[in-house]
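> test case, fold it:
(one chain, ligands or ions: 1)
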Amino acid sequence: MLANTPRNPGMPLALDLVEGARANLSAVERRAASLPARRSVKKAWQAAWLVRAIGLIDLTTLAGDDTPARVARLCAKARRPLRPDLTEALGLKAAPTTGAVCVYPTMVAPAVAALAGSGIPVASVATGFPAGLMPLPLRLAEIRYAVAEGAREIDIVITRAHVLGQDWQALYDEIVQMREACGEAHLKAILATGDLKSLRNVHKASMVAMMAGADFIKTSTGKEGVNATLPVGLVMCRAIRAYGEVTGHKVGFKPAGGIASAKEALTWMSLMKEELGNDWLQPDLFRFGASSLLTDIERQIEHFVTGRYSAASHHAIA
Ligand SMILES: O=C[C@H](O)COP(=O)(O)O
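Okay, the predicted model is just below:
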């Protein structure tokens, strides 16, 4: 899944680049507000974009009552996210699969077993998700555990206090160690932007995470009061662009938390296309972190094919 784009090796912490980061807030907000109004994707193209969106989803369950059986059901959905009659009606050569399945560390082994032979990677949250307030050696041990269980992607959470206290060296150092603990597994750095107080902090934390070698930067755990928003997404995309201009490295982006409708998915995809280009519409550089988005996408595709909507419960996931 992540084979096409070389990994971001990171770079030494460059405080001038972090501090010099400019987030022109009102321009960012104006630009973000204009995105949903755009009608750049219509009808047949919309169906094609929604099929593409399926392949960009990290199909997620992160609940206290997760069980191996629920995870197995979710994995079955990841293998076959679209009903065969819809796949056929759309004339798709290959049935889509989701980008990954994302679970807690103790659910990695059941997910790996359920996805065997599918090529779909398992992503695991780690580092004391969602708050991250555990001693660093335990957070690193949790990464190693998830990797040993078979996770190919690790979604870490950062220490928000390092951002709120502007301690960029401490943030850089912890992410460098997390990346080392990941080994071959790809690291997605969850910034928990709803906790970071300002867009300027979001921009700075994005830059530090990329300098420390994050393969992806991700907005939210899904557990903060405010999760993925377009202004935050725009700031993170512009940070990815700025980092790319300085280093030549491409870093992926994952909005997560509260993205539940096909319409929102299309808006996020337009943002990626316009801000970063078509490479960021591929699963090695873009993912949605979402637990219920697939249900609405399937409904909208069914409507496109049949002209009718069925109840969301007919598209049960786990
Ligand atoms: O990373 C994924 C999020 O936890 C999913 O959030 P959601 O349940 O609001 O879609």
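
> can you pull the pLDDT of the closest residue in space to residue 108 that isn't next to it in sequence?
Among residues not flanking residue 108 along the chain, residue 149 sits closest, at 3.9 Å (C-beta to C-beta, 6 or more residues apart in numbering). In this view, the C-beta of every residue, glycine as well, is placed from N, C-alpha and C. Here the pLDDT value assigned to residue 149 is 98.

> before we move on, what about the one 3 residues further on?
Taken from the predicted model, the pLDDT recorded for residue 152 is 98.

> that one and residue 123 touch, don't they?
Yes - between residue 152 and residue 123 there is a contact at 7.3 Å, judged by C-beta atoms under 8 Å.

> higher neighbour count, these two?
residue 123 (30 against 20; other C-beta atoms under 10 Å).

> okay, now the residue lying closest to residue 110 once chain neighbours are set aside: neighbour count?
Leaving out its chain neighbours, the residue that sits closest to residue 110 by C-beta to C-beta, 6+ apart is residue 68, at 3.8 Å. A count of neighbours around residue 68, defined by other C-beta under 10 Å, yields 14.

> how much space separates residue 68 from the ligand?
19 Å (C-beta to the nearest ligand atom, to the nearest Å).

> what's the helix or strand for residue 207?
Assessed by DSSP states H and E, residue 207 sits inside helix 199-211.

> list the buried residues of that helix.
199, 201, 202, 203, 204, 205, 206, 207, 208, 209, 210, 211 (16 or more other C-beta atoms under 10 Å).

> helices or strands up against the helix or strand following that helix?
Using DSSP H and E, the helix or strand that follows helix 199-211 in sequence is strand 216-218. In terms of contacts (3 or more C-beta pairs under 8 Å, 6 or more residues apart in numbering; DSSP states H and E), strand 216-218 is packed against strand 186-190, helix 199-211, helix 230-247, strand 252-254.

> tell me where the stretch 51-200 of the chain has helices.
Using DSSP state H, counting those that start in this stretch, the helices assigned to the stretch 51-200 of the chain run over residues 68-79, 84-89, 108-114, 136-149, 160-164, 168-182, 199-211.

> pick the most buried one from those.
helix 199-211 (a mean of 25; mean count of other C-beta atoms under 10 Å).

> average pLDDT across that helix?
Per-residue scores along helix 199-211 average to 96.

> ok, the closest residue to residue 142 other than its chain neighbours - contacts?
In space, residue 142 comes closest to residue 126 once its chain neighbours are excluded; the distance is 4.6 Å by C-beta to C-beta, 6+ apart. Contact analysis of residue 126 by C-beta atoms under 8 Å, 6 or more residues apart in numbering lists 105, 139, 142, 143, 145, 146, 154, 155, 156.

> with distance to the ligand added, can I get those in CSV?
Shown next, in CSV, are those (distance: C-beta to the nearest ligand atom, whole Å):
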residue, distance to the ligand
105, 14
139, 18
142, 17
143, 17
145, 19
146, 15
154, 13
155, 7
156, 12
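
> may I ask which two of these are separated the most?
145 and 155 (14.2 Å; C-beta to C-beta).

> now the chain, which segments are flagged as low pLDDT?
Residues of the chain meeting the criterion pLDDT under 70: 1-3, 21-25, 37-44, 311-318.

> could you find the closest non-adjacent residue to the residue most central in space within the chain?
Residue closest to the mean C-alpha point of the chain, counted by C-alpha atoms, centre = their mean, is residue 254 at 2.7 Å. Nearest non-adjacent residue to residue 254, counting by C-beta to C-beta, 6+ apart: residue 218, 3.9 Å away.

> gap between that neighbour and residue 255?
Distance, residue 218 to residue 255, by C-beta to C-beta, to the nearest Å: 8 Å.

> could you give the number of residues near residue 106?
Neighbours around residue 106, by other C-beta under 10 Å: 14.

> list the contacts for it?
Counted by C-beta under 8 Å, 6+ apart, residue 106 has zero contacts.

> let's go with 10 Å and repeat that
66, 68, 71, 124, 145, 146, 149 (C-beta atoms under 10 Å, 6 or more residues apart in numbering).

> before we move on, the earlier item: residue contacts, the residue nearest to residue 254?
Residue 218 neighbours (C-beta under 10 Å, 6+ apart): 58, 155-157, 188-193, 209, 228, 236, 252-257, 287, 289.
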